[in-house]
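**Q** Here is a sequence with its predicted model. Questions after.
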Amino acid sequence: MAAGGTKLGAASQVWRWVLANFGSWWFLLGPLLAAYAPRRLFQTYFNLFLRRHARRLLNLVDPYVSIDFWEGPPVSRYAALEPLDSAIASDTTFYEEVKAYLSSACSEQDARALRAEGAKEGDGLVLSLNDGQDVADEFRGATMWWSSVPADENADNDGRRCQRLTFHRLVVDEYLPHVRRRGRDILFANRRRRLYTNNRTSGYASSYDKTWSFVNLDHPTTFDTLAMDPARKKEIMDDLDAFRNNRDFYRRTRKPWKRGYLLHGPPGTGKSTMVAAMANYLNYDIYDVELTVVTNNNDLRRLLIQTTSKSIIVIEDIDCSLDLTGKRDGNKRKKPAPTSPYALHGGGSEVTLSGLLNFIDGLWSACGGERLVVFTTNHVDQLDPALIRRGRMDEMSYCGFEGFKTLAKNYLDIHVHHQLFAAVEEQLKELEITPADVAECLMTAKRAGYGEDAALEFLVEDLKKKGAVQTTNESEADNDDDDEYEYEEDLTRRRRRGLQGARAHGCLARGLCFVDVTALASSKPPHL
Ligand SMILES: Nc1ncnc2c1ncn2[C@@H]1O[C@H](COP(=O)(O)OP(=O)(O)OP(=O)(O)O)[C@@H](O)[C@H]1O
Ligand SMILES: [Mg+2]
């Protein structure tokens with residue numbers, strides 16, 4: 001934004017006012033003409049002749065045009081200049097985008113009379129021009145003038161307010177999309193984030209069905225409080241940054257702007273926590289898709305098409321919700337058990353993983369959205385390798401010593417080294433334990449009112465006990481492996497073992513891994 005816009009504009013403002021009102025000077029003749037000519041004749045004369053000539057004269061000397069942006073639904077033809085690819089675009093108007101854009105202009109300018117309003121969502125303040133004020137905005141070397149039109153000038157428009165842009169007509173096609181994008185970013189940053197969940201679908205599309213319900217998202221987890229190896233954490237954050245900042249790359253390569261993750265690991269290793277950290281880091285909404293209440297691929301399509309940009313679409317426990325064989329030749333799912341949620345629809349859900357991936361690739365190639373798709377599972381080995389080419393896979397041992405240090409900071413407020421850390425490190429080397437279990441242990445110590453030393457001693461003792469249980473469980477597991485392989489039985493058995501192991505004894509944690517679901521993100525920015 002150019003500084004000193006009001007000074008620069010004073011002379012030219014007067015001159016523009018004179019020119020802009022030139023046509024209406026002829027109106028001074030109005031009373032005379034009205035006295036001696038019939039009223040209709042006078043009006044025709046005024047409209048067809050004087051105004052047209054005044055306009056021509058004005059065009060000769062003034063290369064500027066102006067556009068008014070009215071409060072309310074979009075009124076300018078420029079509203080359709082680019083696709084509505086923002087989460088807030090669907091429920092905001094061009095006027096609001098302009099106002100948000102000008103709020104940043106106003107705070108940088110020396111405009112003297114501003115109007116402050118609370119943002120529609122969130123706790124932010126939106127500053128806007130007070131009536132009669134103006135600011136100048138510098139864009140690619142050209143100056144744009146914004147002014148707030150006084151309410152009484154808009155008497156014929158239901159008292160709605162209006163922001164007026166005066167500009168050189170050559171730059172409008174680039175400038176207005178820039179204003180919209182920047183305005184949307186500001187509105188987006190000020191909004192309250194949401195956690196959406198899908199409602200049960202009826203099996204046939206109806207305009208009365210409410211597809212998504214939401215609550216405000218207020219999850220405290222950030223990457224700072226996430227217990228994992230710092231180097232891996234940084235890699236993931238860099239990956240997210242690269243995704244967010246590579247809009248042009250995705251546009252240039254005609255790839256849908258999306259990225260897929262598969263988070264897998266035993267219960268309690270932090271998969272859901274990671275999704276919350278991602279949402280907080282990117283400032284995205286979360287769409288938590290419950291596939292078991294989606295009847296078929298049509299309903300799924302309807303669901304996904306209503307998600308907005310800048311969002312994370314999460315499908316938890318795909319091993320429990322989808323046909324994981326990846327077969328593309330029809331529905332190969334086993335007949336659901338009577339107690340299964342699929343049975344609720346009579347014929348069972350027809351949604352398949354391959355159908356989902358195909359749809360996501362196909363449809364979202366057509367809409368330029370900014371979306372992360374995250375799958376979670378406890379049984380990654382059940383996925384068809386053809387569906388998941390492991391372009392990038394980081395395995396992390398869940399509660400490594402570095403992860404533990406984060407938990408010690410979160411739960412015991414220990415920010416520097418402690419003498420008992422060495423003992424904890426020693427135990428963690430021997431033991432595969434989930435952060436959830438370490439966190440639970442520290443919480444127990446906290447609830448008992450232990451100080452730092454006592455809490456860490458309690459943890460070391462607990463880890464020793466869990467180490468002993470883990471050794472026993474592992475030898476049992478070796479015996480189990482000799483059994484004949486049966487998918488259904490194995491799934492149940494391993495789930496039971498996983499719950500007992502990870503939740504009760506903290507064992508068998510092999511770590512959360514990040515795998516690119518390359519069917520979702522078949523093209524990556526070159527630097528990744
Ligand atoms: N890496 C971690 N960092 C910090 N806290 C963690 C981490 N992992 C787990 N926790 C704690 O354990 C709790 C359970 O973790 P979470 O629900 O994310 O596990 P999950 O892997 O999604 O388990 P499930 O497979 O059962 O869904 C969380 O509320 C959090 O407090
Ligand atoms: Mg979870």
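**A** Looks like it came in fine. These figures come from a predicted structure and were not determined experimentally. Ligands and ions are numbered 1, 2, ... in the order given.
**Q** in which helix or strand would I find the closest residue to His379 other than its chain neighbours?
**A** What sits nearest to His379 in space, not counting adjacent residues and going by C-beta to C-beta, 6 or more residues apart in numbering, is Asp319, at 4.4 Å. Any C-beta I mention is one placed from the backbone N, CA and C, and that applies to glycine too. In this assignment (DSSP states H and E), Asp319 forms part of helix 318-321.
**Q** just for the stretch 51-200 of the chain, where's the confidence low?
**A** The model of the stretch 51-200 of the chain has pLDDT under 70 over residues 51-64, 72-92, 106-114, 118-126, 150-161, 167-172.
**Q** and Ala454, how far is that from Ala100?
**A** 52 Å (C-beta to C-beta, to the nearest Å).
**Q** And Gly467, by the same measure?
**A** As judged by C-beta to C-beta, Gly467 and Ala100 stand 56 Å apart.
**Q** Same question for Glu452.
**A** From Glu452 to Ala100 the distance is 47 Å (C-beta to C-beta).
**Q** Settle it for me: which of Ala454 and Ala100 has more neighbours?
**A** Neighbour totals were compared for Ala454 and Ala100, and Ala100 leads with 27 against 13 (other C-beta atoms under 10 Å).
**Q** My read is that that one contacts Arg181, right?
**A** No: between Ala100 and Arg181 there is no contact under C-beta atoms under 8 Å: 10.8 Å.
**Q** Could you tell me how many residues sit around Thr434?
**A** 27.
**Q** Show the backbone phi and psi for the closest residue to it other than its chain neighbours.
**A** Nearest non-adjacent residue to Thr434, counting by C-beta to C-beta, 6+ apart: Gly268, 4.0 Å away. As for Gly268, its main-chain torsions (degrees, to the nearest 10) stand at phi 90, psi 10.
**Q** Can you get me a residue count around Gly268?
**A** Gly268 has 25 nearby residues by other C-beta under 10 Å.
**Q** That one against Ala436, yeah?
**A** Yes: Gly268 is within contact range of Ala436, at 3.2 Å (criterion: C-beta under 8 Å).
**Q** Look at the nearest residue to Ala439 once chain neighbours are set aside and give its secondary structure.
**A** With C-beta to C-beta, 6+ apart as the criterion, Ala439 has its nearest non-adjacent residue at 5.7 Å, and that residue is Leu407. Under the three-state scheme (DSSP: H, G, I helix; E, B strand; the rest coil), Leu407 adopts helix.
**Q** From ligand 1, how far out is Leu407?
**A** 6 Å (C-beta to the nearest ligand atom, to the nearest Å).
**Q** Quick check: the gap between that residue and ligand 2.
**A** Per C-beta to the ion, to the nearest Å, Leu407 is found 18 Å from ligand 2.
**Q** so how far is Gly260 from that residue?
**A** Taking C-beta to C-beta, one finds Leu407 at 29 Å from Gly260.
**Q** Equivalent analysis for Phe188, please.
**A** 23 Å.
**Q** swap in Gln470?
**A** Taken as C-beta to C-beta, the span from Gln470 to Gly260 is 33 Å.
**Q** In terms of secondary structure, what does the helix or strand Val424 falls within contact?
**A** For Val424, the element it lies in under DSSP H and E is helix 421-430. For helix 421-430, the elements it packs on are helix 401-412, helix 452-480, judged by 3 or more C-beta pairs under 8 Å, 6 or more residues apart in numbering; DSSP states H and E.
**Q** Burial check on Lys465, number of neighbours?
**A** Quick note: Lys465 (other C-beta under 10 Å) scores 11 neighbours.
**Q** same deal with the one 5 residues further on?
**A** Neighbours of Gln470 under the rule other C-beta under 10 Å: 20.
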